[in-house]
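# Provided below are the primary sequence and the corresponding predicted coordinates.
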There are 2 protein chains.
Amino acid sequence: MTSKAIPRVVIVGAGFGGLNAARALAKGLVQITVIDRKNHHTFQPLLYQVATAGLSPGEIAAPIRSILRTHKNIEVLMAEVTGFDLDRHTVETPEADIPYDYLVVAAGARHAYFGHDDWEPYAPGLKTIEDALEIRRRVLLAFELAERQAAAGETAVPLNFVVVGAGPTGVELAGTLAEICRHALAHEFRSIDPSRTHILLIEGGPRVLPAYAEDLSRSAQEQLNHLGVEVRTSTTVTQIEPGAVHAGNARLPATVVLWAAGVAASPLGKSLGVPVDRAGRVLVQPDLSVPGHPEVFVIGDLAALKDEHGKMLPGIAPVAIQQGRFVAKVIREELDSRTGSTSGAPSFSRSLREAGDFDARPVFHYWDKGSLATIGRAAAVAEFGRIHISGFIAWLAWLFVHILFLIGFRNRLLVFIQWAWSYVTYERGARLITGSTYLPGWTADHHGSAVAKEPTPQEIHTGPAK
Amino acid sequence: MTSKAIPRVVIVGAGFGGLNAARALAKGLVQITVIDRKNHHTFQPLLYQVATAGLSPGEIAAPIRSILRTHKNIEVLMAEVTGFDLDRHTVETPEADIPYDYLVVAAGARHAYFGHDDWEPYAPGLKTIEDALEIRRRVLLAFELAERQAAAGETAVPLNFVVVGAGPTGVELAGTLAEICRHALAHEFRSIDPSRTHILLIEGGPRVLPAYAEDLSRSAQEQLNHLGVEVRTSTTVTQIEPGAVHAGNARLPATVVLWAAGVAASPLGKSLGVPVDRAGRVLVQPDLSVPGHPEVFVIGDLAALKDEHGKMLPGIAPVAIQQGRFVAKVIREELDSRTGSTSGAPSFSRSLREAGDFDARPVFHYWDKGSLATIGRAAAVAEFGRIHISGFIAWLAWLFVHILFLIGFRNRLLVFIQWAWSYVTYERGARLITGSTYLPGWTADHHGSAVAKEPTPQEIHTGPAK
């Protein structure tokens, strides 16, 4: 479908990095192929809203091909990339090897259990729409099972939600869960009192939001406590089993456990055959290319790069966005300076490498516009250089920025309406339980019941709400 | 949780019938328990919009306990009813037997394969949110797989969507699919042309929309043809297998098959131990009670009742709504006339039966306000007695009625925005593929590929998109 005469750029992954690279490149005389295993881009900063039933998946995710529809030189493929051949300049997929002149790998990261993958069935993480639906299913189902149990005259098990990891995602989840229990669900049950649900946030490090300034960590913890979340810092989780989390020697009962304690880079980084760090991130050059392959770039959560102060760049959307645009600029400038020799894929790339003037390439600098983390309704922290803000103002800033950057006008409008509605009514718009009615660790008589269907292995691994 | 002194009404099923019965009863001095296996009410008339990616599940479904929240004498249980004991006046669930003075069974119907349940994995029906998500997944995935195949240089398989059954659901699905192919998806693929997708609607009977007047059936078929749908009437499906549908001796290739050919009543009807018809519907008395048990009512799709002209009442929302309200009225009047003897569950019901003045009960009459069936964008048919309308006006009427009756203001507003948006832009708002990337009948090399994961038995049976 694509002319061989036009230089071909393949972008793997349609997250913030990949999408921005594609858009910035599209203006040039270049054929772009965007490959993603999903058909949709997910606005990850708002995934926790889907997990907590505030938003529907369709409101924070949009089909990649519809986002890029207007760019006729962009082809979108929903496919699983199985590997790369950097010498033959091809990306390997089950159907075909896709040739490239330039390759941008933006495959991102996934939540990781640090050698405890057996914990995943009992403590789902939050990286995909499917993850969010599975978390939503478990949280809502816990209340339904408790109500049923109480209505049947049994002594209702007290509900304990445990969130492991107090980074931005863990803080968002814990704070929002606390709110739901107190407000959205408070008056809808007759036999249990959701507002008495115990929510525990466990952090291995000495403070919540470790990436933020200490005063903001303190403020965040205060805001969490105010919402009714118990925070335990400097506490390491040693074991997760159905119905319980072990921290040190203590066995903490846990109706639902959510995992927000860490991420690992996509295995595609390693498959490039270049050096990676302990988290599997590719150690990129200052121009974001990989050693020995100037035509191959790695960006976003998959890339490991230090800023000028020697501090590792965080795995957040702004970094990925800026890196995507930077790489697009580098590629376009090199293509413009070579408008003569655009003669077929491999030959083109060879001429590219032989030219070997990559020292002339600019160096990527991350412009830190500041960081925002939300905690709950009108609760957030914001760090803009020396300016530290907490509470309502920070939350407004967070709201503004996130609605502004949400992909697609339609979603922006809908999300805004949803939030306005939720803010006024405390209602949660998307409280559907779909899929299995099995909850790991629920008491035996429930497991045995007709509704509590044992999950298939596939369900256990990836969650049924898919 | 409930005082024994107050007469207790148990309602099984929170569809249109159950919800309306509960609401109408709530005003009385009575304790109501609503039991449903799902946590949400589904607005079934718009399910096809979820199946065709126009609306998100959260926009046509709302939590039952949130719909009924304001009624403090209503308790909602998410539980699977496993049976009834009409002599002991209890509803059986895995956790407990729930006593009742009055029982309203509104468990509805499910799509049925008339002895061909083995067809279900290859031809999903449309009755639940999960069904709709599974259909959406298959439809969207078909285009992605075809695009990938074509981009890989293989000759792309022509896409064939086959809808079996030309009742309202089949007509809606076929018409809307035709529109998506022509508009929403038309310009988003580079290697295939979605507008060339072949859509076939198969009907066993002599005409589409058999429940409507003949002139409207003709009009509906013309409108379908105009949208690009091939309609084959008087055609019986003899076999469904991966990738194909057999009609008579012809083997028709089918990338995706959707089943809209029939429904069967919930097995709960039979479990009442009273006479049922061939579709499993309970043959109710003129007052909607079951023979020998005046305190037990069956309403909605689960009830079989003829109107004054001897015509069986159709399984549509208006019938269920009117029956729910009728039953609530009957119960409240009997309770009011017995305000003395509200003394404990069984004794109360005995006194009720001994009183035996049920011949005094009113008879249910269905008030037919007319029927509406939508076919697609600005295409519909409407039958109000002798007044028959087609096309845009009928579609406006349909739109108005359905948005009006949609549960919950918030959803109404969101759905309206979605539709306004879709109508202006031809865009579809909820085009997410989640869950398995396996498509039954897709060519072998795709089955073998890393993305085309073989489904688990549970997936095959109920579809992964749950």
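Everything's here; your move.
# and the residue of the stretch 151-300 of chain A nearest chain B?
A:A152 (3.6 Å; C-beta to the nearest C-beta). Bear in mind the C-beta positions are built from the backbone N, C-alpha and C, glycine included.
# go on, the stretch 51-200 of chain A?
Closest residue of the stretch 51-200 of chain A to chain B, C-beta to the nearest C-beta: A:P94 (3.1 Å).
# For burial, what's the neighbour tally of A:E214?
Using other C-beta atoms under 10 Å in any protein chain shown, A:E214 has 12 neighbouring residues.
# Please name the residues that touch it.
By C-beta atoms under 8 Å, 6 or more residues apart in numbering or on different chains, the contact list for A:E214 reads A:R207.
# for chain A, which spans come out with low pLDDT?
A:1-4, A:339-359, A:408-410, A:443-466 (pLDDT under 70).
# What about A:R88, how many residues nearby?
12.
# Phi, psi for it please.
A:R88 adopts backbone torsions of phi -80, psi 0, taken as degrees, to the nearest 10.
# Compute the distance between it and A:L283, please.
23 Å (C-beta to C-beta, to the nearest Å).
# A:Q149 - that's part of a helix, no?
Yes. Assigned with DSSP: H, G, I helix; E, B strand; the rest coil, A:Q149 falls within a helix.
# what's the neighbour count on it?
21.
# What residues does the nearest residue to it once chain neighbours are set aside make contact with?
Counting by C-beta to C-beta, 6 or more residues apart in numbering or on different chains, A:Q149 lies nearest to A:A156, which is 5.2 Å off, once chain neighbours are set aside. A:A156 is in contact with A:A146, A:E147, A:Q149, A:A150, A:S191, A:I192, counting by C-beta under 8 Å, 6+ apart.
# Now do the second one against A:G376, distance only.
Yep, that's A:E147 we're talking about. 24 Å.
# so what's A:M312 bridging to?
A:M312 has the following beta-bridge partners by DSSP bridges: A:K306.
# and the gap between A:L414 and chain B?
A:L414 is 6 Å from chain B, where distance means C-beta to the nearest C-beta, to the nearest Å.
# Give me the nearest residue to that residue, chain neighbours excluded.
That would be A:E59: by C-beta to C-beta, 6+ apart, it lies 5.3 Å from A:L414.
# in a helix, that's where the one you found is, yeah?
Yes. The assignment for A:E59 is a helix, going by three-state DSSP.
# from memory the residue of the stretch 51-200 of chain A closest to chain B sits against A:V81, does it?
No. Counting by C-beta atoms under 8 Å, A:P94 does not reach A:V81; the two are 9.4 Å apart.
# For A:N20, see how far away the closest residue to A:I299 other than its chain neighbours is.
Nearest residue to A:I299, sequence neighbours excluded (C-beta to C-beta, 6+ apart): A:Q323, at 3.9 Å. Relative to A:N20, A:Q323 is positioned 8 Å away (C-beta to C-beta).
# which one of the two has more residues nearby?
A:Q323 (27 against 24).
# any chance you could read off phi and psi for that one?
Residue torsions, per degrees, to the nearest 10, at A:Q323 are phi -70, psi -40.
# quick one, what contacts it?
By C-beta under 8 Å, 6+ apart, the contact set of A:Q323 is A:G17, A:L288, A:I299, A:G300, A:A303, A:F364, A:Y366.
# Among those, name the buried ones.
Neighbour-count burial (16 or more other C-beta atoms under 10 Å in any protein chain shown) applied to the contacts of A:Q323 gives A:G17, A:L288, A:I299, A:G300, A:A303, A:F364, A:Y366.
# can I get the residues you listed in JSON lines with distance to A:L140?
JSON lines is the format used below for those (distance: C-beta to C-beta, whole Å):
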{"residue": "A:G17", "distance to A:L140": "33"}
{"residue": "A:L288", "distance to A:L140": "42"}
{"residue": "A:I299", "distance to A:L140": "36"}
{"residue": "A:G300", "distance to A:L140": "32"}
{"residue": "A:A303", "distance to A:L140": "37"}
{"residue": "A:F364", "distance to A:L140": "43"}
{"residue": "A:Y366", "distance to A:L140": "39"}
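# Just the ones in helices from those, please.
Among the buried ones among the contacts of A:Q323, the members found in helices (DSSP state H) are A:G17.
# can you tell me which of the buried ones among the contacts of A:Q323 lies nearest to A:G315?
A:G300 (7.5 Å; C-beta to C-beta).
# Quick check, the closest one in contact with A:G17.
Yes. A:G300 is in contact with A:G17 according to C-beta under 8 Å; the separation is 3.4 Å.
# list the residues that contact both of the two?
A:A106, A:G108, A:A320, A:Q323, A:G324.
# Format the residues you listed as a markdown table; extra columns: distance to B:I202 and secondary structure.
Listed next are the shared contacts of A:G300 and A:G17 as a markdown table, based on distance: C-beta to C-beta, whole Å; DSSP: H, G, I helix; E, B strand; the rest coil:
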| residue | distance to B:I202 | secondary structure |
| --- | --- | --- |
| A:A106 | 45 | coil |
| A:G108 | 44 | coil |
| A:A320 | 48 | helix |
| A:Q323 | 52 | helix |
| A:G324 | 48 | helix |
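# Among those, which one has the most neighbours?
Neighbour-wise, the shared contacts of A:G300 and A:G17 (other C-beta under 10 Å) top out at A:A106, 31 neighbours.
# show me what contacts the closest residue to A:H198 other than its chain neighbours?
Of all residues not flanking A:H198 in the chain, A:N160 sits nearest, at 4.9 Å (C-beta to C-beta, 6+ apart). Contacts of A:N160 were listed using C-beta under 8 Å, 6+ apart, and they are A:T197, A:H198, A:I199, A:L200, A:L252, A:P253, A:A254, A:T255, A:V256.
# hmm, who's touching stretch A:136-144?
By C-beta under 8 Å, 6+ apart, stretch A:136-144 touches A:50-53, A:124, A:159, A:161, A:177, A:180, A:185, A:189, A:192, A:194, A:255-256, A:430-437, A:439, A:463-465, B:39, B:78.
# Which of the residues you listed fall in strands?
A:F161, A:V256, B:M78 (DSSP state E).
# right, and A:R377 touches A:A178 too?
No. With contacts counted by C-beta under 8 Å, A:R377 stays clear of A:A178, the gap being 9.8 Å.
# Settle it for me: which of the two has more neighbours?
Set A:R377 next to A:A178 and count neighbours by other C-beta under 10 Å: A:A178 wins out with 27 against 19.
# The more buried one and B:H246: what is the separation?
Distance, A:A178 to B:H246, using C-beta to C-beta: 56 Å.
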